[in-house]
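Asks: just the structure for this:
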Amino acid sequence: MSNAATNNADTQTRDLLILGGGLVGMTLALAAARQGISSHVIDRADPAELTAPGFDDRATAISTASWHLFTNIGIADGLEEFACDIASIAVTDQNKPGKLDFTPSADEGTLGRMFPNRRLRLAMFEAAAKEPLINWASKAEITERQRNEFGVAAVLQDGRTLKGRLMVAAEGRGSPTRESAGITIAKWDYKHRAVIAGLTHSKPHDNVAWEIFYPAGPFALLPMRDDADGTHRSSLVWTVSEEDGKAVTKLGDRAFLAELQKRMGDILGEVTSVGVRSSWPLGFHHTAKITSERLALIGDAAHGIHPIAGQGLNLGLRDAAALIEVIAEGARIGLDPGDANLLKRYENWRGLDSFMVALATDGLTRLFGVPGKTASAVRRFGMGAVQRTPLLKTFFMDEARGVSGALPELLRA
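Replies: Model prediction:
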């Protein structure tokens with residue numbers, strides 16, 4: 001894009017002013033463009049760094065509903081070759097007898113798909129770069145946020161001012177837009193860290209996602225697509241206490257592999273190598289409200305949950321799909337994207353659903369964190385009861401696939 005074209009795009013007042021160009025913010029912009037809704041997307045990061053090999057070795061489970069969203073915004077075809085289906089989920093308490101497994105019937109499809117985060121970013125960034133309704137300002141620092149009854153604006157450090165009709169905070173857990181709006185937030189620190197790494201192993205994973213619960217936290221093994229030479233790969237998400245987090249990431253490869261093998265047993269055979277390790281602090285937060293005057297919060301800016309059920313990103317994608325549906329329906333009858341009644345509808349739609357998911361994941365974290373043989377026996381008894389109750393298993397599988405509740409149109413097949 002030429003400088004003249006860029007300057008012209010910068011001076012346009014667009015429908016949305018999206019602060020944060022991560023996976024949720026960029027999905028919102030792409031979904032908006034499909035509805036003819038224009039946006040400025042402002043992000044401080046350099047997209048070249050975010051998509052560089054080795055920058056972020058994390059992987060993400062994309063639910064069935066989120067995959068429908070990717071299909072509907074036109075990025076699914078480019079992602080398909082990197083997907084690894086999740087055919088079933090196995091849950092155990094410390095690898096003791098009493099495994100709970102979730103395997104949908106053939107006509108229900110998979111429980112989701114695993115993707116490297118890098119591939120998700122590349123697909124979204126490439127699509128956004130081709131979309132004229134998206135003006136993407138990367139490597140941009142915001143010095144001032146403005147909202148009033150007439151519109152919104154962000155003043156950038158380089159002197160540009162980008163204007164819109166609705167400001168959307170998609171900046172993640174530490175959202176400065178949420179803080180400057182004075183929105184109350186409930187939060188607590190789990191005093192845990194998630195240690196994340198890619199693994200190669202001798203046995204095929206058979207597209208099973210494993211969740212092994214220990215008192216210190218869940219130990220998850222998530223299936224990834226095999227390498228071209230047939231090497232079997234999985235993604236590890238290992239929750240450890242805050243004080244153990246740094247020590248675990250600094251262990252030598254041999255010691256680290258020994259610790260892994262002890263916790264996972266023979267599920268994947270011998271772990272043959274481990275990739276770059278990283279660790280991330282884990283906490284819970286949820287806002288008292290997700291809207292204000294000409295402002296909507298989406299994703300982690302509104303709610304941050306434990307990765308125990310792999311629903312964090314999917315919850316944010318539900319926010320994006322719901323917000324676009326509300327705005328698009330309002331546009332058909334001539335309503336401004338920042339209209340208070342539209343924002344109230346978004347608040348009512350997403351506020352309760354995200355809160356209930358957040359409470360459920362917090363409850364699971366605490367339930368499986370209770371130490372002792374008695375607590376373990378009680379958990380395994382409960383898991384056995386669920387295993388023998390098809391209706392309950394179907395309920396939990398629908399939750400995992402993201403197909404329960406009042407779904408936005410973009411999340412449907």
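Asks: pull the contacting residues for T394.
Replies: By Cβ atoms under 8 Å, 6 or more residues apart in numbering, the contact set of T394 is empty. Just so you know, the C-beta spots here come from the backbone N, C-alpha and C atoms, and that holds for glycine as well.
Asks: so which helix or strand takes in it?
Replies: helix 390-401 (DSSP states H and E).
Asks: now that helix: average pLDDT?
Replies: Mean per-residue pLDDT for helix 390-401: 69.
Asks: go on, stretch 204-213?
Replies: 94.
Asks: again with stretch 40-56
Replies: 86.
Asks: stretch 153-163 too?
Replies: On average, the pLDDT along stretch 153-163 is 97.
Asks: need the contact partners of that stretch.
Replies: Under Cβ under 8 Å, 6+ apart, the answer for stretch 153-163 is 10, 12-14, 17, 19, 40, 42, 135, 137, 140-146, 151-152, 164, 167.
Asks: show me what the host helix or strand of A154 pairs with in its sheet, parallel or antiparallel.
Replies: Secondary structure from DSSP H and E places A154 in strand 151-156. Partners of strand 151-156 in the sheet, by DSSP bridges, are strand 142-148 (antiparallel), strand 161-169 (antiparallel).
Asks: name the stretch among those strands that sits most buried.
Replies: strand 161-169 (a mean of 24; mean count of other Cβ atoms under 10 Å).
Asks: restricting to C-alpha, output that strand in CSV.
Replies: The C-alpha coordinates for strand 161-169 follow below in CSV (Å, rounded to 0.1, in the frame of the first residue of the first chain):
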residue,chain,number,x,y,z
THR,A,161,-5.1,10.2,15.2
LEU,A,162,-7.3,7.3,14.2
LYS,A,163,-11.0,7.8,14.6
GLY,A,164,-14.0,5.5,14.8
ARG,A,165,-17.5,5.1,16.1
LEU,A,166,-17.0,2.2,18.5
MET,A,167,-13.8,1.5,20.5
VAL,A,168,-13.1,-2.2,21.1
ALA,A,169,-10.6,-3.3,23.7
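Asks: which elements pack onto the following helix or strand past that strand?
Replies: Sequence order places helix 176-180 as the next helix or strand after strand 161-169, per DSSP H and E. Identification of packing neighbours for helix 176-180 by 3 or more Cβ pairs under 8 Å, 6 or more residues apart in numbering; DSSP states H and E yields strand 142-148, strand 161-169, strand 295-297.
Asks: as TSV, those with distance to A400 would be great.
Replies: Output for those, formatted as TSV (distance: least, Cβ to Cβ, whole Å):
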stretch	distance to A400
strand 142-148	36
strand 161-169	27
strand 295-297	25
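Asks: mind checking which of those is nearest V403?
Replies: Closest to V403 of the helices and strands packed on helix 176-180 is strand 295-297 (Cβ to Cβ; 24.0 Å).
Asks: residue contacts, the most centrally placed residue in the chain?
Replies: Nearest residue to the geometric centre of the chain (Cα atoms, centre = their mean): L313, 1.3 Å. Residues near L313 by Cβ under 8 Å, 6+ apart: 23-24, 60, 62, 66, 299.
Asks: and the residues you listed, which is closest to R119?
Replies: Taking these together and measuring to R119 by Cβ to Cβ, the closest member is T60, at 9.7 Å.
Asks: distance check, the closest one against L133.
Replies: 26 Å (Cβ to Cβ, to the nearest Å).
Asks: buried residues in the strand holding A154?
Replies: 151-154, 156 (16 or more other Cβ atoms under 10 Å).
Asks: over to stretch 205-218?
Replies: Buried, per 16+ other Cβ under 10 Å, within stretch 205-218: 205, 207-214, 217-218.
Asks: cool, stretch 82-90 as well?
Replies: Neighbour counts over stretch 82-90 (16+ other Cβ under 10 Å) mark 82-84, 86-90 as buried.
Asks: what's the average pLDDT for the one helix or strand A321 maps to?
Replies: Using DSSP H and E, A321 sits in helix 312-332. Regarding helix 312-332, the rounded mean pLDDT is 94.
Asks: tell me how far it lies from the chain's centre.
Replies: Here the centre of helix 312-332 is set off from its chain's centre by 15 Å, with Cα atoms, centre = their mean, to the nearest Å.
Asks: check stretch 182-201 too.
Replies: Here the centre of mass of C-alpha atoms in stretch 182-201, compared against the chain's by Cα atoms, centre = their mean, lies 12 Å away.
Asks: same thing with stretch 293-312?
Replies: Offset of stretch 293-312 from its chain centre (Cα atoms, centre = their mean): 8 Å.
Asks: ends of it, how far apart?
Replies: By Cα to Cα, to the nearest Å, the extent of stretch 293-312 from end to end equals 26 Å.
Asks: could you dump the strands paired with strand 151-156 into CSV and include distance to F102?
Replies: Formatted as CSV, the strands paired with strand 151-156 follow (distance: least, Cβ to Cβ, whole Å):
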stretch, distance to F102
strand 142-148, 43
strand 161-169, 34
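Asks: about what we covered before: farthest pair within the contacts of L313?
Replies: The span of these, defined through Cβ to Cβ, is set by I62 and G299 at 14.5 Å.
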